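> Please work out how this folds:
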Amino acid sequence: MRDMMYNFENCDIDIVKAVDNYMPELRNANRQYISEIIDDIYASKEKYRLRRYDEYFKYDFINLPDEKRKSFIGGEEYFDCVKSSFDGNYDECMIFKNKIDTYNIYKDYYHRDVVGIKNFNDYINFENFAKKNKTFIVKEEMGSLGIDVKKITLTNSKEIKPAFFSLLQYGGCICEEWINQCDEFAEFCDTCVNTIRFISAFDDGELTRIYALFRTGRKGSIVDNTSMGGIASAVDVESGIVISDGYSKTNLEYFEKHPDSGKKYKGFQIPRWDELIDLVKQLHCLYKKSRFVGWDLTLTKNGWVLVEGNGKPNFDTIQIINYKTFGHGLRDELINALGKYKNQQ
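I've put the predicted structure just below:
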């Protein structure tokens, strides 16, 4: 009987991880069927230029014909498009990798207190920051995906120095005053700051609105990142109206309403959308080397604020949502927006 089972040990370890994460029942399938699926995964990675094997399952390729698969942009092709959209050297333009560097350029758009911590010389700045801001967020200087983000509350001044020495262990971090989001956003989840991820290209004074997501956290979480359990829904880039249900990346679930607050996603009008568009134009103009950026923004009672920028924003979430909502990927849309930059460097 064992000889009739498919030997996953001969597969790439990343394929095994993808199978166990997205389709564990495949392990119990017929050996011939499994072999055909594994062969298709290998072939699809090459043909559709997937960057990771899990894209095969995220985009439901196992159930899609070739024509539908072609509507998706694979991770490798996406990355090439992003690189081609930058002026000059790609590495020099990736200032968004470093949160302290990003703040130093865009500080006028944060509208909150921020301090970077790299070494002992930063203590005085941190002390002044902590005396003013009892509650704040800490992010790793080179962090991403919401990993290692912490919310810290200090109850008295005696806790400042121990907190500083603890933060030095990051090897570089940024502390930000806690953002008090608008009531409309807080109604979805009030334990984290919910954001708009707005992807745009900007060249010669022309703004291309590529896509937007409304991202909401789960009750008790302090981040809204989909990789950390957050829920994302698609937003119409012209009107600012949510046009899809919510999507959870961690378990591929869809929600008509927020599972904790009961707030409905589809039809929700993002307030002050025109102001967000104006802000995005200003942000692009401030650092023109970067034509293509994923902006994370949130709305306070005093207006929109920049949370952070992303030089290579995730594209799989919006493709999955678009496929679920409209039945296709977004390859053509991205190529049309960024393809004109190819071979300009």
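
> and the closest residue to residue 263 other than its chain neighbours, helix, strand or coil?
Distances taken as Cβ to Cβ, 6 or more residues apart in numbering place residue 188 nearest to residue 263, at 4.8 Å, with adjacent residues excluded. Backbone N, C-alpha and C define where each C-beta goes, glycine included. Of the three states, residue 188 takes coil under DSSP: H, G, I helix; E, B strand; the rest coil.

> My read is that residue 16 contacts residue 8, right?
Yes. If you go by Cβ atoms under 8 Å, residue 16 and residue 8 touch, sitting 5.3 Å apart.

> circling back to that earlier point, what pLDDT does the model give the residue nearest to residue 263?
Here, the pLDDT recorded for residue 188 equals 97.

> What residues does it make contact with?
194, 216, 258, 261, 263 (Cβ atoms under 8 Å, 6 or more residues apart in numbering).

> Show me this protein divided up by domain.
2-70, 113-177, 181-341 (automatic domain parsing).

> Tell me the backbone dihedrals of the residue nearest to residue 263, please.
phi -80, psi -50 (degrees, to the nearest 10).

> mind listing what's buried in stretch 98-107?
98-100, 102-103, 106 (16 or more other Cβ atoms under 10 Å).

> what does stretch 132-141 give?
Here stretch 132-141 shows 133, 136-141 as buried, counting by 16+ other Cβ under 10 Å.

> same question, stretch 238-248
240, 242-248.

> Stretch 296-310 too?
296-299, 304-310.

> before we move on, the earlier item: so the residue nearest to residue 263 versus residue 306, what's the distance?
Separation of residue 188 from residue 306 (Cβ to Cβ, to the nearest Å): 20 Å.

> just the helices in the stretch 101-250 of the chain please.
With DSSP state H, counting those that start in this stretch applied, the stretch 101-250 of the chain shows helices at 123-132, 160-167, 183-186, listed in chain order.

> Just name whatever secondary elements the second one is in contact with.
Contacts defined by 3 or more Cβ pairs under 8 Å, 6 or more residues apart in numbering; DSSP states H and E place helix 160-167 against helix 123-132.

> Also the last one?
For helix 183-186, the contact count by 3+ Cβ pairs under 8 Å, 6+ apart identifies strand 292-300 as packing neighbours.

> right, and the helix or strand after the strand it packs on?
strand 303-310 (DSSP states H and E).

> That following strand - what's its average pLDDT?
96.

> Need the contact partners of it.
96, 99, 102, 106, 109-112, 179, 193, 195, 197, 272, 275-276, 279, 283, 290, 293-299.

> Next, residue 269: phi, psi?
Torsion angles, degrees, to the nearest 10, at residue 269: phi -90, psi 120.

> any idea of the pLDDT on it?
98.

> and if you look at residue 128?
97.

> Repeat that for the one 4 residues further on.
Per-residue confidence (pLDDT) for residue 132: 96.
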